[in-house]
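A.B. asks: Just need the structure, nothing else, for what follows:
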Amino acid sequence: MRKLIIGIATAVIVLSACGGTKDASLKKGDDVRAAVARTTAQKSGKVELTSTSSGLDDPHSDGTDVSTGVVRYDIKAFHLTQTTNQTNDNPGTGESIFVDGNLYLRADPATTATKPWSMMDVPGLAGQQLRSAQNPFDGLAVFKTSESPSKVGSEEIRGVKTTHYRVQVDPKKLSESSDEAERNQADQLLTVYPEVPFAAELWVDKNQLVRRISMSFDASTIKMGIGAKGEHDSLTFDFYDFGTSVSIDRPAPDQTQLFSDVYP
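C.D. replies: Prediction:
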């Protein structure tokens, strides 16, 4: 995915219910899907997203973005702040809110923005890319297609003991789901994730909650060819502090303008 898309759209997550089978190994794809479902049943928590792009024709576009913030899994909402550190460039910052199905971005002072926030109103493929890039809800949805989990070992993630697994994922399979919502989500996923199967990793705690997912892939295999030839993308999502008290509100109407008015 292009750095612009990675930098603009930060977003969401999927989590699940505490409790569950302790120390149960993930032995098949259905076990991974159950862990994702348990995670998405959580009410709230915190997240850190790290994305890295490399191999671009313009080396100044290579770099790493780190986004941290809070999430309401029960209403599918988030509030994140982002630091962008591209090669040879000064770090930049950003802020995004996703609530009530709308994505709001803190306006860049260098643009023609006249208000602090812009609301995403871009339709079609471009809008799907912006909503899905670095979106942890979509990231976890990719793991609903997991097959052949293999145990790598035991590791601590932010002080929590986890089991590390390697799996094979295929986002395109969601288009074959019996669930209409998953079929609709497939098109959006394929704007930022490969159309072909690829290897991925996840870390799961003793309560079968996903604590980390990590993916690395050739961006040229993304739908519609939005990834440049030779570009390689890596995405890592950390999920922690489940149950944190979180309140996420949309920006006030008088502080918001349409994204298309800022970036015509």
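A.B. asks: which element is the closest residue to residue 45 other than its chain neighbours on?
C.D. replies: Using C-beta to C-beta, 6 or more residues apart in numbering and skipping the chain neighbours, the partner closest in space to residue 45 is residue 242 (4.4 Å). Yep, even glycine has a C-beta here, placed from its N, CA and C like the rest. Using DSSP states H and E, no element contains residue 242; it sits outside every helix and strand.
A.B. asks: Tell me if I'm right that residue 242 and residue 44 touch.
C.D. replies: Yes. Between residue 242 and residue 44 there is a contact under C-beta atoms under 8 Å: 7.2 Å.
A.B. asks: in the longest helix along the chain, what counts as buried?
C.D. replies: With secondary structure taken from DSSP state H, the chain has its longest helix at helix 29-40. Of all the residues in helix 29-40, those buried under the rule 16 or more other C-beta atoms under 10 Å are 29, 31-32, 34-40.
A.B. asks: circling back: how far away is the residue nearest to residue 45 from residue 235?
C.D. replies: 21 Å (C-beta to C-beta, to the nearest Å).
A.B. asks: Then residue 217?
C.D. replies: Using C-beta to C-beta, residue 217 is found at 9 Å from residue 235.
A.B. asks: where does this structure have low pLDDT?
C.D. replies: 1-24, 55-62, 86-91, 122-134, 223-230 (pLDDT under 70).
A.B. asks: Break down it into its strands, ranges please.
C.D. replies: Per DSSP state E, the chain carries strands over the ranges 44-54, 63-72, 77-86, 92-99, 102-106, 117-119, 147-157, 160-169, 198-205, 210-218, 232-240, 256-258.
A.B. asks: of all those strands, which lies closest to residue 182?
C.D. replies: Checking the strands of the chain against residue 182 by C-beta to C-beta gives strand 160-169 as the closest, at 13.8 Å.
A.B. asks: contacts for the closest one?
C.D. replies: With contacts defined as C-beta atoms under 8 Å, 6 or more residues apart in numbering, strand 160-169 is touched by 25-26, 29, 32, 142-143, 145-156, 197-206, 211-212, 215, 240.
A.B. asks: What of stretch 178-187?
C.D. replies: Around stretch 178-187, the neighbours that count as contacts under C-beta under 8 Å, 6+ apart are 128, 138, 141, 144, 171-172, 174-177.
A.B. asks: mind listing what's buried in it?
C.D. replies: Quick answer for stretch 178-187 (16+ other C-beta under 10 Å): 182, 185-186.
A.B. asks: Turn the strands of the chain into TSV, including distance to residue 250 and mean neighbour count.
C.D. replies: Listed next are the strands of the chain as TSV, based on distance: least, C-beta to C-beta, whole Å; neighbours: other C-beta atoms under 10 Å:
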stretch	distance to residue 250	mean neighbour count
strand 44-54	17	20
strand 63-72	12	21
strand 77-86	9	20
strand 92-99	5	19
strand 102-106	7	20
strand 117-119	9	22
strand 147-157	32	13
strand 160-169	32	19
strand 198-205	32	21
strand 210-218	28	21
strand 232-240	24	21
strand 256-258	8	17
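A.B. asks: Among those strands, which comes closest to residue 264?
C.D. replies: Taking those one by one with C-beta to C-beta, strand 256-258 is closest: 9.9 Å.
A.B. asks: residues near the closest residue to residue 112 other than its chain neighbours, how many?
C.D. replies: Leaving aside its chain neighbours, residue 112 sits nearest to residue 262 (6.1 Å; criterion: C-beta to C-beta, 6+ apart). Residue 262 has 18 neighbours, counted by other C-beta atoms under 10 Å.
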